[in-house]
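Participant: Test case, fold it:
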Amino acid sequence: MISHRSFFSAKTFYFFYYAAWACLAPFLALYYRNLGFTGRQIGLLASISPLTTLIAASFWGAVADASQRYRTVLLGAIAGSGISVFVLSQVNSFWLIIPIVISYSFFAAPIIPLVDNSVVAQLGANREQYGKQRLWGAIGWGLAGPLAGWLVGIYGISAAFPAYLSLIGMAFLASWFLLVILSPENPGRQCCSSCSMV
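Facilitator: You can find the predicted model right below:
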């Protein structure tokens, strides 16, 4: 039987991860506009993420499956995504922002698939309960979105970045307590925060 604590950790992760993106994603185009970028440049930056994710998702999946170090991949991806967004907040050159956007898209690609896979595997025959776990992501987005809009309205568009970084930091902490399935073919093998980290 899976501990209820593991699902509490999953709900907590979903809540903070989606809350973090609610503080940043809706404001990126406005941020680029404030930097003086043209509509064509903003469109190019917006198109980079889905293209990068398409390639990176397969790459990270292969790395995780080959190494069986799902926890390491997850923690590294969250950290890499957060660091990339921090660097993004410090740069105002279009040509420098392009590789940064590629970087955060690259690191963000495996995060939700890894967590979703673990949650579904842990649910086992009760996979219909998956929606109850993922629902907390929608709650996080719904609560953080208006708050982020209020902060941006008062402190300016740059306020989106510290809000994101604070919340992604909370998601990182929550991920330490997630049960991570080490082998999709053998859901009985799990690793939790009390296990040795790989």
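
Participant: hey, let's count contacts and neighbours off CA atoms from now on
Facilitator: OK.

Participant: Let me see the mean pLDDT of the strand or helix carrying residue 66.
Facilitator: Assessed by DSSP states H and E, residue 66 sits inside helix 39-67. Taken as a whole, helix 39-67 has a mean pLDDT of 91.

Participant: And the next helix or strand past that helix?
Facilitator: helix 70-90.

Participant: what sits up against that following helix?
Facilitator: With contacts defined as CA atoms under 8 Å, 6 or more residues apart in numbering, helix 70-90 is touched by 60, 64, 97, 100-101, 103-108, 110-111, 114, 158, 161, 165, 168-169, 172, 175-176, 180-182, 197-198.

Participant: pLDDT on the helix or strand following it, on average?
Facilitator: Next helix or strand after helix 70-90 toward the C-terminus (DSSP H and E): helix 94-108. For helix 94-108, mean pLDDT rounds to 97.

Participant: before we move on, back to that, just the buried residues of the contacts of helix 70-90.
Facilitator: Buried by 16 or more other CA atoms under 10 Å: 60, 64, 97, 100-101, 103-108, 110-111, 114, 158, 161, 165, 168-169, 172, 175-176, 180-182, out of the contacts of helix 70-90.

Participant: Distance check, residue 15 against residue 158.
Facilitator: 22 Å (CA to CA, to the nearest Å).

Participant: For the helix holding residue 66, buried residues please.
Facilitator: 41-42, 45, 49, 52-53, 56-57, 60-61, 64.

Participant: Now render those as TSV, adding distance to residue 133.
Facilitator: Listed next are the buried residues of helix 39-67 as TSV, based on distance: CA to CA, whole Å:
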residue	distance to residue 133
41	37
42	34
45	32
49	26
52	27
53	24
56	25
57	22
60	23
61	22
64	23
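
Participant: tell me the two of those residues that are most distant?
Facilitator: Pairwise distances across the buried residues of helix 39-67 (CA to CA) peak at 33.9 Å, for the pair 41 and 64.

Participant: count of neighbours near residue 135?
Facilitator: Using other CA atoms under 10 Å, residue 135 is surrounded by 13 other residues.

Participant: where's it, which helix or strand?
Facilitator: Going by DSSP H and E, residue 135 is in helix 130-155.

Participant: Give the other helices and strands that the helix or strand following that helix contacts.
Facilitator: As assigned by DSSP H and E, the chain's next helix or strand after helix 130-155 is helix 160-175. If you count contacts as 3 or more CA pairs under 8 Å, 6 or more residues apart in numbering; DSSP states H and E, helix 160-175 packs onto helix 4-24, helix 70-90, helix 130-155.

Participant: and the direction of the first one versus that of helix 130-155, what angle?
Facilitator: In this case it means helix 4-24. 40 degrees (axes from the mean of the first three to the mean of the last three CA atoms, to 10 degrees).

Participant: Can you check what angle separates helix 4-24 from helix 70-90?
Facilitator: Using the same axes, to 10 degrees: helix 4-24 against helix 70-90 is 20 degrees.

Participant: Buried residues in helix 4-24, which are they?
Facilitator: For helix 4-24, by 16+ other CA under 10 Å, it's 6-7, 9-24.

Participant: hmm, who's touching stretch 92-101?
Facilitator: Contacts with stretch 92-101, where a contact means CA under 8 Å, 6+ apart, come from 35, 37, 41, 45, 48-49, 84-85, 87-88, 91.
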